[in-house]
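**Q** here is my input, please return the structure:
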Amino acid sequence: MRIRLILAGSIIGLLVVSNSAKAQSVNANNYDIHVINNDHSNHTTSYEMKKNGYRWNFTNEGNGKMYIHRSALSDPAMSNRTNFYSFDDFSFEARTGTIKIIQDGPYQTYAELDIRAKDKSYSDRFSLSQSSNGGAGIFNHANSDIEFGTNSSGRMWIAANGNVGIGDESPTTKFNVVGAVRASDNANEAEYIEIDHGGGNSVINHKGDGNMDFRFEGSTKMQISANGRLGIGGDFNPTHTLHVQGTGNITGAVTLGGTLTASGSTNLQGVLTATGTSNFNNTVNVSGTFITTGASQFNNQVTVGALNANQNLEVYGRAKVMELEIKPNGTWADFVFADDYELRPLEEVAAFIAENKHLPEVPTTEEVSEQGYLQTDINATLLQKIEELTLYMIDMKADNEQLRAEVAELKQQLAGQE
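**A** As a prediction, this is how the structure comes out:
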């Protein structure tokens with residue numbers, strides 16, 4: 001075995017230990033250096049250095065490992081030495097650029113490298129460890145943070161309470177980031193999503209041709225397409241600036257300048273101003289204000305003023321329209337002018353009114369209060385009464401003209417007698 005010792009830049013000597021040598025020593029400048037073969041068989045060899053009452057031993061016990069021990073000179077028993085790196089179940093290996101610590105004893109379930117400052121206790125140590133099941137850990141056992149840095153600057157911190165900060169050494173939430181955060185599924189970041197904040201604005205930036213999906217438990221609930229259209233209610237490609245599938249409930253003021261298409265039920269409790277085309281394909285309930293200056297199409301029920309529509313259109317309150325068009329329904333009152341129409345004699349009408357307190361075919365006050373009425377039916381009924389009244393007036397005019405002719409004739413007869 002050849003051992004070269006270099007102290008203070010000078011070569012002290014070259015020691016050669018043979019198989020039969022028990023011990024050799026060199027004394028240089030009051031340093032005691034011993035190479036000891038304890039068992040005469042070269043199975044166990046120790047290298048010992050002594051100074052100022054302390055002894056360091058480097059021991060090769062023939063098992064492929066070297067053990068480093070420190071003990072006081074007053075302690076002659078090597079078995080009571082203080083261990084720096086020792087015992088059969090622990091080994092230390094140093095290579096170029098690499099330090100390995102291996103715990104391979106039968107009674108140990110993990111290996112740990114502890115680092116601590118001179119004035120810190122064992123409970124305040126910093127450690128790297130690995131368990132026998134393959135799990136690894138980085139721990140700061142003290143009540144303080146862990147800092148990760150590059151280029152002599154801190155980059156990431158793990159606070160004592162578990163909060164993580166990137167660019168923030170005092171994170172106040174579980175995950176704080178100072179700067180933009182970008183996520184991509186490819187290395188060249190041709191497509192990605194980025195979250196940033198700057199200039200008082202919060203920004204979510206999506207780069208790519210696909211949609212931006214908002215999901216719950218893996219199911220898409222809202223989408224923003226590449227052309228800026230917003231779809232709510234499922235996984236679909238929105239065809240309008242705002243495309244809603246399902247029930248919509250608006251409680252504030254909304255102004256729409258483009259096309260509005262609602263495929264589900266819509267509840268409006270605020271103000272909705274639509275300056276473009278509005279298409280409603282399901283029930284619409286309006287308890288607020290709906291202002292439209294464009295074309296509007298309602299393909300199902302519309303309720304204004306209440307949320308329990310059971311008709312195609314219900315208005316609870318006043319309605320003001322510039323023009324109201326009633327589509328043909330085949331019911332009108334021109335049958336009154338048919339030749340076979342039997343007009344009630346006025347005496348019969350008078351008797352009916354005296355008994356029932358309303359006109360024939362006209363609903364009573366009680367019926368209107370309880371059941372309301374259909375506008376087309378009441379319009380036809382009122383027109384029927386107007387046409388009947390017209391016939392009565394025509395008959396009365398004929399009777400009146402006959403009476404006038406008779407009066408004129410009587411006047412002539414009286415004038416001739418004079």
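
**Q** what's residue 122 in contact with, if anything?
**A** Contact analysis of residue 122 by Cβ atoms under 8 Å, 6 or more residues apart in numbering lists 114, 116. (Glycine included, C-beta is placed from N, CA and C.)

**Q** measure it to residue 142 for me?
**A** Per Cβ to Cβ, to the nearest Å, residue 122 is found 11 Å from residue 142.

**Q** and for residue 280?
**A** For residue 280, the distance to residue 142 - Cβ to Cβ - is 64 Å.

**Q** so those two - more neighbours on which side?
**A** residue 280 (21 against 16; other Cβ atoms under 10 Å).

**Q** now the end-to-end length of stretch 354-374.
**A** End-to-end distance of stretch 354-374 (Cα to Cα, to the nearest Å): 26 Å.

**Q** what comes up buried for that stretch?
**A** Across stretch 354-374, burial judged by 16 or more other Cβ atoms under 10 Å covers residue 363.

**Q** what does it rub up against?
**A** By Cβ under 8 Å, 6+ apart, the residues outside stretch 354-374 that reach it are 344, 349, 352-353, 378, 381-382, 384-385.

**Q** any chance of those residues in a markdown table, plus pLDDT, secondary structure and neighbour count?
**A** Below are those laid out as a markdown table (pLDDT from 0 to 100; DSSP: H, G, I helix; E, B strand; the rest coil; neighbours: other Cβ atoms under 10 Å):
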| residue | pLDDT | secondary structure | neighbour count |
| --- | --- | --- | --- |
| 344 | 92 | coil | 14 |
| 349 | 93 | helix | 15 |
| 352 | 95 | helix | 14 |
| 353 | 94 | helix | 12 |
| 378 | 89 | helix | 14 |
| 381 | 92 | helix | 19 |
| 382 | 93 | helix | 14 |
| 384 | 93 | helix | 20 |
| 385 | 94 | helix | 15 |
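
**Q** residues contacting residue 385?
**A** Contacts for residue 385 (Cβ under 8 Å, 6+ apart) come out as 359, 361-362.

**Q** oh sorry, the question was meant for residue 267
**A** 247-250, 285, 287, 307 are the contacts of residue 267 under Cβ under 8 Å, 6+ apart.

**Q** report the beta-bridge partners for it.
**A** Residue 267 has these beta-bridge partners by DSSP bridges: residue 249, residue 285.

**Q** out of the contacts of residue 385, who's nearest residue 48?
**A** residue 362 (127.9 Å; Cβ to Cβ).

**Q** can you give me phi and psi for the closest one?
**A** Residue 362 adopts backbone torsions of phi -100, psi 130, taken as degrees, to the nearest 10.

**Q** let me know the helix or strand that the most centrally placed residue in the chain is in.
**A** Nearest to the mean C-alpha position of the chain, by Cα atoms, centre = their mean, lies residue 214 at 6.4 Å. Assigned by DSSP states H and E, residue 214 belongs to strand 212-216.

**Q** residue 176 now?
**A** strand 175-177.

**Q** if you count contacts, what does that strand end up packed against?
**A** strand 164-166 (3 or more Cβ pairs under 8 Å, 6 or more residues apart in numbering; DSSP states H and E).

**Q** one more time with 10 Å, if that's ok
**A** strand 164-166, strand 192-198 (3 or more Cβ pairs under 10 Å, 6 or more residues apart in numbering; DSSP states H and E).

**Q** next, the distance between the ends of stretch 188-205.
**A** Counting by Cα to Cα, you get 17 Å between the two ends of stretch 188-205.
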